[in-house]
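>>> let's see this in three dimensions:
(one chain, ligands or ions: 1)
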Amino acid sequence: MTILDKIIAFKKKEIAKIKAEIPVKKLVESPNFGRTVFSLKKSLLEVGSTGIIAEYKRQSPSKGIINDKATIAEVTNGYLDANVAAQSILTDTSFFGGTMADLMEARVINQQKPILRKDFIVDGFQIVEAKAIGADVILLIASCLTATELKNYGNLATDLGLEVLYEVHTQEDLDKINDLDNKIIGINNRNLKTFEVDLDHSIKLSSQIPDTCLKVSESGISDPKIITGLKEFGFQGFLIGENFMKTENPGEACQEFISQIR
Ligand SMILES: O=P(O)(O)OC[C@@H](O)[C@@H](O)c1c[nH]c2ccccc12
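Residues are numbered from 1 along each chain as shown. This next block holds a predicted model:
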């Protein structure tokens, strides 16, 4: 059983418990159901966009504790000052040390850029939750879901006014996504089963993604020069977490990184 299998099995049990305690209609009462969402697509395609999707991640199964000092408020303000295109916030607690309260706190501060709820979505309930806590975008990880789930959860997110970042690692993952056109496709350079990171991954798979899609490269990005190279392969979004979070001041690290992108 890979770590990904363990995470999915754990998430399914966790969701089953939460669904028994919180009725969906309670979630729908959230004022966030009435808010205007920020579009990740629009933010990444804006003239002069930095393309940086900066992540708040306290820990990970592969690295353990990354940063348990920098608060979500400090990092959100720092990322906004750095003019990121969007924020990504881990809301998984057991494996990544995140909480939904983190995203809710960031939403109060960040009233101008899209927020991606980074979690392992294995049930539609979590998509309603994402809307209720103020997310604009959810992540659907193709290697965790069937083609039918990807389609159904994608439709549910759209019905709720949320955008979807479809994450793939292999051609097989990509083949699960029906009607690729115009979707936001993230290529994870990290194999979630082995944690191996290979930046060439984005480049190898990029040619299989239609030009109508918005391409995002995820994970393992630490050198601003890599951004220039990835842009030559049509990437418009770059999801970066550890390179910023491992520093004392992730916002400043992000600002410095962006200043070096040519
Ligand atoms: O910290 P990194 O190597 O910059 O990676 C960020 C992000 O891509 C990574 O956290 C991530 C990408 N897809 C995920 C799915 C679940 C959890 C985490 C992730």
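>>> the host helix or strand of Ala16 vs the ligand: in contact?
Using DSSP states H and E, Ala16 sits within helix 3-21. No: if you take CB under 6 Å from any ligand atom as the test, helix 3-21 misses the ligand, and the best it gets is 8.3 Å. Every residue, glycine included, has its C-beta placed from N, CA and C.
>>> same check, this time on stretch 169-179
No: counting by CB under 6 Å from any ligand atom, the ligand has no neighbours in stretch 169-179; the shortest distance is 9.0 Å.
>>> now do the buried residues in that stretch.
His169, Thr170, Asp173, Leu174, Lys176, Ile177 (16 or more other CB atoms under 10 Å).
>>> same deal with stretch 197-211?
For stretch 197-211, by 16+ other CB under 10 Å, it's Val197, Leu199, His201, Ser202, Ile203, Leu205, Ser206, Ile209.
>>> nearest to the ligand among these?
Val197 (6.6 Å; CB to the nearest ligand atom).
>>> which residues touch the residue nearest to that closest one when sequence neighbours are not counted?
The shortest distance from Val197 to any non-neighbouring residue, by CB to CB, 6 or more residues apart in numbering, is to Gly220 (3.7 Å). Applying CB atoms under 8 Å, 6 or more residues apart in numbering to Gly220 gives the contacts Asn189, Arg190, Val197, Asp198, Leu199.
>>> tell me the secondary structure for Gly220?
Following DSSP: H, G, I helix; E, B strand; the rest coil, the label given to Gly220 is coil.
>>> okay, and which of the buried residues of stretch 197-211 map to helices?
Members of those lying in helices (criterion: DSSP state H): His201, Ser202, Ile203, Leu205, Ser206.
>>> take those and write them to CSV, including pLDDT and distance to the ligand.
Conversion of these to CSV gives the following (pLDDT from 0 to 100; distance: CB to the nearest ligand atom, whole Å):
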residue, pLDDT, distance to the ligand
His201, 92, 12
Ser202, 96, 11
Ile203, 97, 16
Leu205, 97, 14
Ser206, 96, 16
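>>> can you lay out those as TSV showing distance to Lys225?
Listed next are these as TSV, based on distance: CB to CB, whole Å:
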residue	distance to Lys225
His201	17
Ser202	14
Ile203	14
Leu205	20
Ser206	17
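>>> quick one: which of these is nearest Ala147?
Relative to Ala147, the closest of these is Leu205; by CB to CB it sits at 17.7 Å.
>>> gap between the most centrally placed residue in the chain and Ser207?
For the chain, the residue nearest the mean C-alpha position is Lys118 (4.3 Å; CA atoms, centre = their mean). Note on Lys118: its distance to Ser207, by CB to CB, to the nearest Å, is 26 Å.
>>> before we move on, what about Ala157?
For Ala157, the distance to Ser207 - CB to CB - is 27 Å.
>>> same question, Val47
26 Å.
>>> equivalent analysis for Lys25, please.
45 Å.
>>> Lys41: what's it in contact with?
Counting by CB under 8 Å, 6+ apart, the residues that Lys41 touches are Glu163, Ile184, Leu214.
>>> between the residues you listed, which is closest to the ligand?
For those, the nearest to the ligand is Ile184 (13.3 Å; CB to the nearest ligand atom).
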